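> From the sequence below, what's the structure:
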Amino acid sequence: MSTEEDRDQDFRKPYLTLPGVTGMPPVEEILASMPAEAQHRFESAGEFVRRLAVRVQKWREKLPEDEQPVILALLPNGAAVEVWSVGEDGHSSVVVEGALDGAPCMFISHQASFQILSYTQKITKETKARKTIGFHVGGEEIEA
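Residues are numbered from 1 along each chain as shown. Now for the predicted structure:
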(Lines give C-alpha, C1' and ligand atoms only; values in the text may rest on other atoms or scores of the structure.)
Protein backbone atom coordinates (compact mmCIF):
# COMPACT_ATOMS: atom_id res chain seq x y z
CA MET A 1 0.00 0.00 0.00
CA SER A 2 1.31 3.41 -0.86
CA THR A 3 -0.58 5.83 1.37
CA GLU A 4 -1.90 5.90 4.90
CA GLU A 5 -5.46 6.03 3.54
CA ASP A 6 -4.83 2.85 1.52
CA ARG A 7 -3.57 1.11 4.65
CA ASP A 8 -6.72 2.14 6.54
CA GLN A 9 -8.87 0.63 3.79
CA ASP A 10 -6.99 -2.68 3.76
CA PHE A 11 -9.33 -5.61 4.44
CA ARG A 12 -6.53 -7.40 6.29
CA LYS A 13 -6.55 -4.76 9.02
CA PRO A 14 -7.65 -6.51 12.22
CA TYR A 15 -10.80 -5.33 13.91
CA LEU A 16 -8.86 -5.08 17.17
CA THR A 17 -5.11 -5.10 17.61
CA LEU A 18 -3.36 -7.17 20.26
CA PRO A 19 -3.70 -5.54 23.69
CA GLY A 20 -0.43 -4.26 25.09
CA VAL A 21 1.52 -4.77 21.86
CA THR A 22 0.59 -1.49 20.19
CA GLY A 23 -0.46 0.49 23.24
CA MET A 24 -4.10 -0.50 22.89
CA PRO A 25 -5.85 -1.25 26.21
CA PRO A 26 -7.13 -4.76 26.92
CA VAL A 27 -10.52 -5.63 25.39
CA GLU A 28 -12.06 -5.79 28.88
CA GLU A 29 -11.20 -2.10 29.41
CA ILE A 30 -12.68 -1.16 26.06
CA LEU A 31 -15.90 -3.03 26.79
CA ALA A 32 -16.11 -1.61 30.33
CA SER A 33 -16.02 1.94 28.93
CA MET A 34 -18.78 1.26 26.37
CA PRO A 35 -22.44 1.92 27.14
CA ALA A 36 -24.30 -1.37 27.63
CA GLU A 37 -26.16 -1.04 24.32
CA ALA A 38 -22.95 -0.48 22.34
CA GLN A 39 -21.26 -3.39 24.10
CA HIS A 40 -24.23 -5.64 23.34
CA ARG A 41 -24.06 -4.71 19.64
CA PHE A 42 -20.25 -5.09 19.53
CA GLU A 43 -20.56 -8.68 20.73
CA SER A 44 -23.44 -9.58 18.42
CA ALA A 45 -23.50 -11.99 15.51
CA GLY A 46 -24.93 -9.14 13.43
CA GLU A 47 -21.76 -7.06 13.91
CA PHE A 48 -19.66 -10.12 13.07
CA VAL A 49 -21.60 -10.72 9.84
CA ARG A 50 -21.49 -7.01 8.90
CA ARG A 51 -17.70 -6.85 9.40
CA LEU A 52 -17.27 -10.04 7.36
CA ALA A 53 -19.39 -8.57 4.53
CA VAL A 54 -17.30 -5.38 4.44
CA ARG A 55 -14.05 -7.37 4.35
CA VAL A 56 -15.28 -9.56 1.50
CA GLN A 57 -16.50 -6.49 -0.43
CA LYS A 58 -13.09 -4.80 -0.06
CA TRP A 59 -11.34 -8.02 -1.04
CA ARG A 60 -13.51 -8.44 -4.15
CA GLU A 61 -12.75 -4.86 -5.25
CA LYS A 62 -9.05 -5.70 -5.35
CA LEU A 63 -9.42 -8.95 -7.32
CA PRO A 64 -8.96 -9.15 -11.09
CA GLU A 65 -12.19 -9.33 -13.13
CA ASP A 66 -11.64 -13.05 -13.78
CA GLU A 67 -11.46 -13.98 -10.07
CA GLN A 68 -14.02 -14.12 -7.28
CA PRO A 69 -13.99 -14.87 -3.54
CA VAL A 70 -15.31 -18.15 -2.23
CA ILE A 71 -16.18 -18.69 1.43
CA LEU A 72 -16.30 -22.09 3.11
CA ALA A 73 -17.88 -22.63 6.53
CA LEU A 74 -15.94 -25.35 8.32
CA LEU A 75 -18.00 -27.91 10.20
CA PRO A 76 -16.82 -29.56 13.44
CA ASN A 77 -16.34 -32.89 11.60
CA GLY A 78 -13.96 -31.27 9.09
CA ALA A 79 -16.45 -31.01 6.22
CA ALA A 80 -16.83 -27.68 4.44
CA VAL A 81 -20.01 -25.89 3.30
CA GLU A 82 -19.66 -23.57 0.30
CA VAL A 83 -21.39 -20.41 1.54
CA TRP A 84 -24.09 -18.82 -0.61
CA SER A 85 -25.33 -16.58 2.20
CA VAL A 86 -24.68 -15.96 5.87
CA GLY A 87 -26.81 -14.07 8.36
CA GLU A 88 -27.39 -13.41 12.01
CA ASP A 89 -29.68 -15.82 13.84
CA GLY A 90 -30.49 -14.04 17.07
CA HIS A 91 -27.84 -12.26 19.09
CA SER A 92 -25.07 -14.85 19.05
CA SER A 93 -25.65 -17.35 16.23
CA VAL A 94 -25.10 -17.31 12.49
CA VAL A 95 -27.02 -19.23 9.87
CA VAL A 96 -25.40 -20.31 6.61
CA GLU A 97 -27.10 -21.41 3.41
CA GLY A 98 -24.87 -23.21 0.98
CA ALA A 99 -23.84 -26.51 -0.52
CA LEU A 100 -22.32 -29.58 1.13
CA ASP A 101 -20.98 -32.10 -1.38
CA GLY A 102 -23.11 -30.39 -4.04
CA ALA A 103 -26.39 -30.65 -2.08
CA PRO A 104 -28.14 -27.53 -0.72
CA CYS A 105 -27.91 -27.23 3.06
CA MET A 106 -28.39 -24.92 6.02
CA PHE A 107 -25.96 -24.73 8.94
CA ILE A 108 -26.47 -22.85 12.21
CA SER A 109 -23.59 -22.14 14.58
CA HIS A 110 -22.80 -20.03 17.60
CA GLN A 111 -20.54 -17.22 16.37
CA ALA A 112 -17.80 -18.24 18.82
CA SER A 113 -17.34 -21.60 17.09
CA PHE A 114 -18.03 -20.42 13.52
CA GLN A 115 -14.95 -20.87 11.36
CA ILE A 116 -14.54 -19.85 7.75
CA LEU A 117 -11.96 -20.25 5.04
CA SER A 118 -11.85 -17.86 2.10
CA TYR A 119 -9.98 -18.23 -1.16
CA THR A 120 -10.19 -16.97 -4.73
CA GLN A 121 -11.55 -18.86 -7.69
CA LYS A 122 -10.94 -18.18 -11.37
CA ILE A 123 -14.13 -17.52 -13.32
CA THR A 124 -14.26 -20.06 -16.14
CA LYS A 125 -16.84 -21.30 -18.62
CA GLU A 126 -17.94 -23.82 -15.98
CA THR A 127 -18.49 -21.16 -13.31
CA LYS A 128 -20.07 -18.95 -16.04
CA ALA A 129 -20.34 -15.65 -14.16
CA ARG A 130 -19.31 -13.88 -11.01
CA LYS A 131 -21.26 -15.18 -8.02
CA THR A 132 -22.09 -12.95 -5.11
CA ILE A 133 -22.34 -13.96 -1.48
CA GLY A 134 -25.28 -12.62 0.51
CA PHE A 135 -24.94 -11.28 4.04
CA HIS A 136 -28.12 -10.66 6.09
CA VAL A 137 -28.04 -8.31 9.08
CA GLY A 138 -30.99 -6.62 10.77
CA GLY A 139 -33.29 -7.04 7.78
CA GLU A 140 -30.64 -5.61 5.43
CA GLU A 141 -29.00 -7.64 2.66
CA ILE A 142 -25.40 -6.87 1.75
CA GLU A 143 -23.99 -8.53 -1.37
CA ALA A 144 -20.30 -9.09 -1.73
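> could you pull out the helices for the protein?
4-9, 27-33, 36-42, 45-62 (DSSP state H).
> what ranges do the strands span in the chain?
For the chain, strands defined by DSSP state E occupy the ranges 67-74, 80-89, 93-100, 103-110, 115-122, 134-137, 140-143.
> Now mean pLDDT and distance to residue 55 too, for these, in a markdown table please.
The C-beta positions use only the backbone N, C-alpha and C, and glycine is treated the same way. Below are the strands of the chain laid out as a markdown table (pLDDT from 0 to 100; distance: least, C-beta to C-beta, whole Å):
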| stretch | mean pLDDT | distance to residue 55 |
| --- | --- | --- |
| strand 67-74 | 92 | 10 |
| strand 80-89 | 93 | 12 |
| strand 93-100 | 93 | 15 |
| strand 103-110 | 93 | 18 |
| strand 115-122 | 90 | 9 |
| strand 134-137 | 88 | 10 |
| strand 140-143 | 85 | 11 |
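> got these as CSV, with distance to residue 51 and mean neighbour count columns?
Formatted as CSV, those follow (distance: least, C-beta to C-beta, whole Å; neighbours: other C-beta atoms under 10 Å):
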stretch, distance to residue 51, mean neighbour count
strand 67-74, 14, 18
strand 80-89, 12, 20
strand 93-100, 12, 18
strand 103-110, 16, 13
strand 115-122, 12, 12
strand 134-137, 10, 20
strand 140-143, 11, 13
